[in-house]
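**Student:** fold the following for me, if possible:
(chains A and B)
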Amino acid sequence: MLNKLLSGDMPRSTVLAILLAVILICLALAPFIFPGVRSVDTAARICIFIVLVASYDLMLGYGGIVSFAHTMFFGLGAYGVALASTHMGRGFDALLVGSLSGALIAALLALLIGLFSLRVRAIFFAMITLAVASAVAVLVSQLSGLTGGEDGLSYKIPRELGPAFKFADGELFGVKMNGKLLKYYLVFFSCLILFLLMLRMVHSPFGRVLLAIRENDFRAEAIGYRVVHYRVVATCISAAIAALAGSLYAIWLRYVGPDTSLSMEIMIDILLMVVIGGMGTMYGAVIGATLFVLAQNYLQNLMDVASHAVSGIPILPDLLNADRWLLWLGVLFILSVYFFPTGIVGRLRQGK
Amino acid sequence: MSHPILQTTDLTVRFGGHVAVDHISCTFNTGELTAIVGPNGAGKTTYFNLISGQIPSSEGKVVLNDRDITRMSVAQRTHLGIGRAFQLTNLFPNLNVLENVRLVIQSKSGRGFNMFSMASSHDDLTTPAMEIVERVRLADQALQPVTELSHGDQRKLEVALLIALDPLVYMFDEPTAGMSVDEAPVVLDLIAELKHRKDRSILLVEHKMDVIAKLADRIIVLHNGALAADGEPTEVIASDVVQEAYMGKELEDV
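**Tutor:** Numbering: from 1, shown residues only, chains lettered A, B, ... in the order given. Predicted structure coming up:
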């Protein structure tokens, strides 16, 4: 059963298995174990980024395709939900229409970019995705009548997903049984299903072809696989799943804006998470996203504590000042790439 | 028994001013093993590249089974029945031996876009793949990645991929290059076996004259990109053009 769910991809490392189990349990029970608003928010972000990063890994780690437009696809899904909720009024139909049309548009755009550029060399694809992503980001910030420009859009989602809706009386382990809890589990289970779906894809006959293309596209073509078709399809699937992750993010935040769902910064975060976790492993996305989002949210606090602890010593408190958290994140990144060139998952599997 | 399957008509390719393959017109028959010989740089591998489609031709036509395939992609030609083993080993290095062969069988099954089943559950692809791995005597290494194989074993796998593809036209480019004396027979026996089936056309680029003498039904000689001789092995080997262009060069090299 477990083997089937994981598509036969067992962690193949005790440490990795334990890490994954801990992450799964923490995310599954986050509202109960970590009841604060901020920690539940972090958990939801982790879920969504796992899917986003895994969808990127599907393209980069399995297909060998470098894209800089992944945030754009993410944003298309987010704006899909935002626009549908704004114009159709609050309701599950708006969420569904928004998510599906976002995913569809993302896939179509990926198809167009892919047909234009995947025929030639991989580097052109990377350049074109960069250009299209920048163009879309500018477009979104300029079309303020439609998209709210730099301010973004706030909208209402169904009452059933808000804190005012109580689906049962009383509390369970001190947690109110309200719509917020439902919303968290909507995000959690959607992400779990999407992740397992991708895990299945990379172990399907299709996934094997992608691996073959990454390994040796010349020979893949010579044994009869039309490399361009496979690359384009992988790109479309990856884009559609990124858009769905964006939709979930938009549902979770009840807000979209260029900063939360379209900025180049997110693209760089995705790249870092893939590399830290381990490319071409899928589980790397889980580890990478979890570590990175935790660091983004809690490194500052940790450093604040550390800087107070060493307040007597010269220089150190300044170095550990909470405002320097980006510096330390950078150091962590360099160290992890230096010591784990195959990512954390790659390293753990080797060390078995 | 022997009917024409593959034809090249005035097939030519120029790289800048250099004519690498020069108006080669030749017909290859089913049930026949044709050895292609010539000194280094004669255009043997380039001629192969034009037939299997890795390089577009500048002029001329390639016709397979009465179908013009000159403008088709490599993958399309593969599906129509052109199969190629490469001179420089050209495999999927980090995948295991069985998976390399399985991918070929999967390509023929047309299941490449199947996304929701597990590849390992397709026993009807894995079983024949394993049979071929056994035939090239790599069963013990079936689960090792290609990078861990010796050069000779990689050459065997290269041939295994072509056998798994089982095309109408087999193209071997120096299949035993760099193999030890005890390893080469495995590959040569497989080629001989194919030849005796009489239902495939085999093109073999080879330098070793003893191999050619044993296997070839026909020899064509390329020299400076052009067809210099074509005929029965004994008469071609004896002909002046071969003695001069090919054997002569070999003797100088020694």
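**Student:** show the contacting residues for B:D124.
**Tutor:** B:S109 (CB atoms under 8 Å, 6 or more residues apart in numbering or on different chains). Any C-beta I mention is one placed from the backbone N, CA and C, and that applies to glycine too.
**Student:** so how far is A:K4 from the closest residue to chain B within the stretch 251-352 of chain A?
**Tutor:** For the stretch 251-352 of chain A and chain B, the shortest gap (CB to the nearest CB) falls at A:G280, measuring 9.6 Å. Distance of A:G280 to A:K4, computed by CB to CB, to the nearest Å: 22 Å.
**Student:** likewise for A:P205?
**Tutor:** 17 Å.
**Student:** just B:M171 next, same as before
**Tutor:** Going from B:M171 to A:K4 by CB to CB gives 42 Å.
**Student:** now swap in B:L188 and tell me
**Tutor:** With CB to CB as the criterion, B:L188 and A:K4 are 45 Å apart.
**Student:** neighbour-wise, which of the two wins?
**Tutor:** B:L188 (19 against 10; other CB atoms under 10 Å in any protein chain shown).
**Student:** ok, that one touching B:D210?
**Tutor:** No - contact between B:L188 and B:D210 fails when scored by CB atoms under 8 Å: they sit 10.1 Å apart.
**Student:** give me the buried positions along stretch A:133-143.
**Tutor:** A:133, A:136-137, A:140-141 (16 or more other CB atoms under 10 Å in any protein chain shown).
**Student:** closest one of those to chain B?
**Tutor:** Distances from chain B to the buried residues of stretch A:133-143, taken by CB to the nearest CB, are shortest for A:A133, at 26.1 Å.
**Student:** which elements pack onto the helix or strand hosting the closest one?
**Tutor:** A:A133 is part of helix A:122-142 when elements are defined by DSSP states H and E. Judged by 3 or more CB pairs under 8 Å, 6 or more residues apart in numbering or on different chains; DSSP states H and E, helix A:122-142 is in contact with helix A:70-88, helix A:92-117, helix A:258-261, helix A:264-277.
**Student:** list the buried ones in the first one?
**Tutor:** Of the residues in helix A:70-88, A:70-86 count as buried by neighbour count, 16+ other CB under 10 Å.
**Student:** next: the third one.
**Tutor:** Applying a neighbour-count criterion of 16+ other CB under 10 Å, one finds A:258, A:260-261 buried in helix A:258-261.
**Student:** kindly report the same for the last one.
**Tutor:** Of the residues in helix A:264-277, those buried by neighbour count under the rule 16+ other CB under 10 Å are A:266-267, A:269-277.
**Student:** how about the contacts made by residue 69?
**Tutor:** The chain I'm using is chain A. Per CB under 8 Å, 6+ apart, neighbours of A:A69: A:110, A:113, A:129-130, A:132-133, A:239.
**Student:** to clarify, I was referring to chain B.
**Tutor:** With CB under 8 Å, 6+ apart, B:I69 has these contacts: B:53, B:62-63, B:76-77, B:80, B:82.
**Student:** list just the nearest of those residues to chain A.
**Tutor:** B:Q76 (7.7 Å).
**Student:** what does the stretch 101-250 of chain A have sitting close to chain B?
**Tutor:** Contacts of the stretch 101-250 of chain A with chain B, taken as CB under 8 Å from any CB of the partner chain, map to A:200-201, A:203-209, A:211-212, A:215-216, A:218-227, A:230, A:233, A:237.
**Student:** narrow those to those that are buried.
**Tutor:** For these, buried by 16+ other CB under 10 Å: A:200-201, A:203-209, A:211-212, A:215-216, A:219-227, A:230, A:233, A:237.
**Student:** strands along the chain, start to end?
**Tutor:** Using chain A here. A:153-154, A:166-172, A:175-178, A:255-256 (DSSP state E).
**Student:** oops, chain B please
**Tutor:** B:4-15, B:18-29, B:33-37, B:59-64, B:67-68, B:82-85, B:169-173, B:201-205, B:218-223, B:226-231.
**Student:** how near is B:V242 to B:I219?
**Tutor:** Distance of B:V242 to B:I219, given as CB to CB: 8 Å.
**Student:** how many neighbours does residue 104 have?
**Tutor:** Defaulting to chain A. A:L104, neighbours per other CB under 10 Å, totals 14.
**Student:** to clarify, I was referring to chain B.
**Tutor:** 28.
**Student:** OK, contacts around it?
**Tutor:** Contacts of B:V104 by CB under 8 Å, 6+ apart are A:223-224, B:129, B:161, B:164-165.
**Student:** please apply the same query to A:G284.
**Tutor:** Going by CB under 8 Å, 6+ apart, the list of residues near A:G284 reads A:57, A:61, A:274, A:276-278, A:343-346.
**Student:** about what we covered before: overlap in contacts, B:V242 and B:I219.
**Tutor:** B:37, B:229, B:236.
**Student:** hmm, the first one is touching B:R218, no?
**Tutor:** No - applying CB under 8 Å as the test, B:V37 and B:R218 come out as separate, 11.1 Å apart.
**Student:** neighbour count winner among these two?
**Tutor:** Taking neighbours as other CB under 10 Å, B:V37 and B:R218 compare with B:V37 leading, 27 against 17.
**Student:** so in terms of bridging, what pairs with the more buried one?
**Tutor:** On the basis of DSSP bridges, B:V37 is bridged to B:V221.
**Student:** do you know the pLDDT at residue 5?
**Tutor:** This is for chain A. A:L5 is assigned a pLDDT of 81 by the prediction.
**Student:** oops, wrong one, chain B.
**Tutor:** Reported pLDDT for B:I5: 93.
**Student:** how many neighbours does A:V66 have?
**Tutor:** 15.
**Student:** quick check: it touching A:A122?
**Tutor:** Yes - counting by CB under 8 Å, A:A122 is a contact partner of A:V66 at 6.3 Å.
**Student:** find the closest residue to chain B in the stretch 51-200 of chain A.
**Tutor:** Counting by CB to the nearest CB, the stretch 51-200 of chain A gets nearest chain B through A:R200, at 6.1 Å.
**Student:** show me which residues of the stretch 151-254 of chain B are close to chain A?
**Tutor:** Counting by CB under 8 Å from any CB, the stretch 151-254 of chain B sits next to chain A at B:161, B:165.
**Student:** pLDDT below threshold where in the stretch 151-254 of chain B?
**Tutor:** For the stretch 151-254 of chain B, the stretches flagged by pLDDT under 70 are B:244-254.
**Student:** and the helices in it?
**Tutor:** Along the stretch 151-254 of chain B, the segments classed as helices by DSSP state H, counting those that start in this stretch run B:151-165, B:184-197, B:209-215, B:233-238, B:240-242, B:248-253.
**Student:** so which of those gets nearest A:G288?
**Tutor:** When those are compared by CB to CB, helix B:151-165 sits nearest A:G288, at 34.2 Å.
**Student:** helices or strands up against that closest one?
**Tutor:** Helix B:151-165 packs on strand B:82-85, helix B:97-109, helix B:123-135, strand B:169-173, helix B:184-197, going by 3+ CB pairs under 8 Å, 6+ apart.
**Student:** quick revisit: let me know the closest of the contacts of A:A69 to A:Y338.
**Tutor:** Using CB to CB, these come closest to A:Y338 at A:L130, 26.6 Å.
**Student:** ok, now which ones touch that closest one?
**Tutor:** A:L130 touches A:68-69, counting by CB under 8 Å, 6+ apart.
**Student:** pLDDT score assigned to it?
**Tutor:** 91.
**Student:** circling back: closest to B:D140 out of the helices and strands packed on helix A:122-142?
**Tutor:** Going by CB to CB, the one of the helices and strands packed on helix A:122-142 nearest B:D140 is helix A:264-277, 34.6 Å.
**Student:** next, count neighbours for the nearest residue to B:V133 once chain neighbours are set aside.
**Tutor:** Of all residues not flanking B:V133 in the chain, B:A142 sits nearest, at 5.1 Å (CB to CB, 6 or more residues apart in numbering or on different chains). Neighbours of B:A142 under the rule other CB under 10 Å: 16.
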